[in-house]
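Peer 1: Kindly return the folded structure for what I paste below:
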Amino acid sequence: MIHASKGIVLRVVKYGETSIIVSVYTELFGLQSYMINGARTEKKTAVKANLYQPGTLLDLIVYHHPHKNLHRIKEAKLQHSTNFQGAEVIKYTIGIYMVELIQEAITETESNPELYQFFEESFMQVLHNPIHHLSNFPIEFTLKFAEQLGFGIHNNYSAETPIFELQNGNFVSESDTGFQYTMPKDASAFISSLCSHSAEAFPISGAKRLEILNQCIQYLRLHIPHLGELKSVQILHEILH
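Peer 2: Below is the predicted model of the structure:
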């Protein structure tokens, strides 16, 4: 069957002498893999390989069979005139972090249009927002991603409950010592302010930003045990210091 769907390229792997296999998170079918023949030749008739770069948003016409693991693309074009390949290094690095996190977290080949819409809107935010508004975006994206997956934070932060507890996703008293995974008090306050959309007025250092991002990834990992290490985190820290 032929279907029209939007998609976000997550991963590209070389196959044979001239082909590639592309992992795409699609609006209609969730995570899918597509064989692209002739993408690595220099012929004028060759498929444009630059269409298939991590973070690229595509409008697709695809052949889809529900019982196959590898599909084919009939037509592909950029959704927007801008993409991460031509973006500033900060935006490109944030995009690569988002791609890696999605790739590590998502394994379902099932339709989830709301999750796709969240991804698309997040990528567009990075592409179109001023760079000085993006310092905390990786943390914000990570927490919103958790919410999309069904384990959002319960923001019950208060003077009596100022410590974020990662296992249950809420804030607890400093006297509650029976929890294995907690954030420091200052990081907990930042997380609460981010959840209430007031973190722009809450400046933090690059080192603290890295610490909080790693703790947010740990929060995801407690709910997604297969989530591996993310190589892009250290690069993000160097870029967003």
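
Peer 1: Please count neighbours and contacts with C-alpha atoms only from this point.
Peer 2: Will do.

Peer 1: What is the burial count for the nearest residue to L115 once chain neighbours are set aside?
Peer 2: In this structure, L115 finds its nearest non-sequential neighbour in Q148, 6.5 Å apart by CA to CA, 6 or more residues apart in numbering. Number of residues near Q148 (other CA atoms under 10 Å) recorded here: 14.

Peer 1: How about V99?
Peer 2: By the measure other CA under 10 Å, the count of residues near V99 is 23.

Peer 1: what mean pLDDT would you report for whichever strand or helix holds it?
Peer 2: Using DSSP states H and E, V99 falls within helix 89-105. Averaging pLDDT along helix 89-105 yields 94.

Peer 1: Which neighbouring elements make contact with that helix?
Peer 2: strand 2-15, helix 113-128, helix 137-148, helix 232-239 (3 or more CA pairs under 8 Å, 6 or more residues apart in numbering; DSSP states H and E).

Peer 1: ok, back up a step: could you report the distance from the residue nearest to L115 to S122?
Peer 2: The gap separating Q148 from S122 is 12 Å, by CA to CA, to the nearest Å.

Peer 1: so F171, which of the three states?
Peer 2: strand (DSSP: H, G, I helix; E, B strand; the rest coil).

Peer 1: Now it: closest residue in space, sequence neighbours ignored.
Peer 2: F164 (4.3 Å).

Peer 1: That neighbour should be in a strand, yeah?
Peer 2: Yes. Assessed with three-state DSSP, F164 lies in a strand.

Peer 1: I'd guessed it sits against M183; true?
Peer 2: Yes. Using CA atoms under 8 Å, F164 is in contact with M183, at 5.4 Å.

Peer 1: Neighbour count: these two, which is higher?
Peer 2: Comparing F164 with M183 by other CA under 10 Å, the one with more neighbours is F164, at 30 against 19.

Peer 1: Quickly list the domain ranges of the chain.
Peer 2: 2-83, 89-239 (automatic domain parsing).

Peer 1: that older thread, please name whichever of the helices and strands packed on helix 89-105 is nearest to G55.
Peer 2: Minimum separation from G55 across the helices and strands packed on helix 89-105 (CA to CA) falls at strand 2-15, 5.4 Å.

Peer 1: element containing the residue lying farthest from the centre of the chain, please.
Peer 2: Distance from the C-alpha centroid of the chain, by CA atoms, centre = their mean, peaks at S175 (34.9 Å). For S175, there is no helix or strand it lies in under DSSP H and E.

Peer 1: how far off helix 89-105 does the helix or strand of the chain with the lowest mean pLDDT point, in degrees?
Peer 2: When each helix and strand of the chain is scored by mean pLDDT, DSSP states H and E, helix 232-239 comes last, with a mean of 88. Calculated by axes from the mean of the first three to the mean of the last three CA atoms, to 10 degrees, helix 232-239 forms an angle of 160 degrees with helix 89-105.

Peer 1: ok now helix 232-239, how far from the chain's centre?
Peer 2: Averaging C-alpha positions (CA atoms, centre = their mean, to the nearest Å) puts helix 232-239 15 Å from its chain's average.

Peer 1: One more: stretch 14-24?
Peer 2: 22 Å.

Peer 1: list the buried ones in that stretch?
Peer 2: Residues 19-24 are the ones in stretch 14-24 that count as buried (16 or more other CA atoms under 10 Å).
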